[in-house]
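>>> what would the 3D arrangement of this be:
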Amino acid sequence: MRLEDLPVPDEGLLLTHFITVADVPRARAFYTEVLGGETVLEENPCMVKLANGWVIMNPGGGPTPDKPGITLQPPADPNTATSFLNLRVADIHACYEEWSAKGATFVTPPIDRKAELRCYLRDPDGYLIEVGQSTGLLHGEFADQHTSDG
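A predicted model of the protein is given here:
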């Protein structure tokens, strides 16, 4: 572990994303071996530096003094999401090919949404991850709004 790799801001705010996982080594392998992150801390909690952010992972558990009455657990239903990790990439087709070859399970191939090319994949615990490449948005073109869009 290198202290300079830890998500500790010199000043202000730094955003990390915490996920509750069923199996830390399996989740760590996905975020490092498939998505190309770098392990900063193996466990307790596991921290993976991913591009310019960090994913922090720990097993679920019951309430603690700082979160009374709150239990953490991986998603119970992978078809219901209340939030997701959003990754912006320079070349979505290259990411799709590379990550698929490394075992990523995509919901669909990249789809042209006018403003962006977009697709979703799942991590081993079923968390939804959006992968997008801005295209039309760079020229002021926005996606058509659908009532089912999230």
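>>> any idea how far Glu98 lies from Val55?
18 Å (C-beta to C-beta, to the nearest Å). From N, CA and C alone the C-beta is placed, and that goes for glycine too.
>>> which of these two has more neighbours?
Shown here are Glu98 and Val55; by other C-beta atoms under 10 Å, Val55 has more neighbours (26 against 14).
>>> surely the more buried one meets Tyr31?
Yes - with contact defined as C-beta atoms under 8 Å, Val55 reaches Tyr31; the gap is 5.5 Å.
>>> need the overlap of contacts for those two.
Common contact partners of Val55 and Tyr31 (C-beta atoms under 8 Å, 6 or more residues apart in numbering): 37, 48.
>>> quickly list what the nearest residue to Pro45 once chain neighbours are set aside is bridged to.
Spatial nearest neighbour of Pro45, chain neighbours left out: Asn58 (4.2 Å); criterion: C-beta to C-beta, 6 or more residues apart in numbering. Counting by DSSP bridges, Asn58 is bridged to Thr20.
>>> how near is the residue most central in space within the chain to Val48?
Against the mean C-alpha coordinate of the chain, by C-alpha atoms, centre = their mean, the closest residue is Leu85 at 3.7 Å. According to C-beta to C-beta, Leu85 and Val48 sit 12 Å apart.
>>> okay, and the common contacts of these two?
Common contact partners of Leu85 and Val48 (C-beta under 8 Å, 6+ apart): Val55.
>>> okay, how far is it across stretch 4-22, tip to tip?
Start and end residues of stretch 4-22 are separated by 28 Å (C-alpha to C-alpha, to the nearest Å).
>>> and Cys35, how many residues sit next to it?
Quick fix: residue 35 is Leu, not Cys. 22.
>>> for Tyr96, same thing?
By other C-beta under 10 Å, neighbour count at Tyr96 equals 21.
>>> for His139, same thing?
Counted with other C-beta under 10 Å, His139 comes out at 8.
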